[in-house]
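Enquirer: Just need the structure, nothing else, for what follows:
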Amino acid sequence: MSADTLWTALADPHRRAMVGLLLTRPRPVGEIVEACGLSQPSTSKHLKVLREAGLVRVRQDAQRRVYALDPAPIAELDAWLAPYRRLWNRSLDQLGRRLDETADDPEPADDPEPPCPKD
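Expert: From the prediction side, this is the model:
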């Protein structure tokens, strides 16, 4: 699956919410409908997009369709994001060093008590 297909599938906030729900455990469509507050047909359309992108799998359980998250495409996105995460971590490391340096600076003298606010 291409990264573009995955990003397109995840571009919609309802689909991201569904992926978030499925992160904890597989769920039947009815639970997803209830949790997302969408109609059943709308939920099914979103789940179809997620399924076609490879982000979810579906299995039949008697009369219910149960959806589960497929971790493989998420791992692909994680690999795509890795260089950006390294860049972000470097920036945070630099900020942390700067904060450590300023924490080592001597404290300014105690300021006198602030004046009372004017009415």
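Enquirer: What sits closest to Leu23 if chain neighbours are left out?
Expert: Distances taken as C-beta to C-beta, 6 or more residues apart in numbering put Leu69 closest to Leu23, at 6.1 Å, once the chain neighbours are dropped. C-beta: built from backbone N, CA, C; applies to glycine.
Enquirer: beta partners of that neighbour?
Expert: With DSSP bridges as the criterion, Leu69 is bridged to Val56.
Enquirer: correct me, but it touches Leu22?
Expert: Yes - at 4.1 Å, Leu69 counts as touching Leu22 under the criterion of C-beta atoms under 8 Å.
Enquirer: Common neighbours of these two, please.
Expert: With C-beta atoms under 8 Å, 6 or more residues apart in numbering applied, the overlap between the contact sets of Leu69 and Leu22 consists of Val56.
Enquirer: one step back: which residues touch the residue nearest to Leu23?
Expert: Counting by C-beta under 8 Å, 6+ apart, Leu69 makes contact with Val19, Leu22, Leu23, Pro26, Leu55, Val56.
Enquirer: filter those residues to the buried ones?
Expert: Val19, Leu22, Pro26, Leu55, Val56 (16 or more other C-beta atoms under 10 Å).
Enquirer: Would you map the strands across this structure?
Expert: 27-28, 56-61, 64-69 (DSSP state E).
Enquirer: by contact count, what packs against the first one?
Expert: When contacts are defined as 3 or more C-beta pairs under 8 Å, 6 or more residues apart in numbering; DSSP states H and E, strand 27-28 sits against strand 64-69.
Enquirer: Go ahead and produce PDB holding the CA coordinates of the strand it packs on.
Expert: Presented in PDB, the C-alpha positions along strand 64-69 are these (Å, rounded to 0.1, in the frame of the first residue of the first chain):
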ATOM      1  CA  ARG A  64     -21.900  -9.100  12.800                       C
ATOM      2  CA  ARG A  65     -18.900  -7.700  11.000                       C
ATOM      3  CA  VAL A  66     -16.000  -7.200  13.400                       C
ATOM      4  CA  TYR A  67     -13.300  -4.800  12.400                       C
ATOM      5  CA  ALA A  68      -9.700  -4.900  13.700                       C
ATOM      6  CA  LEU A  69      -6.700  -2.700  13.100                       C
END
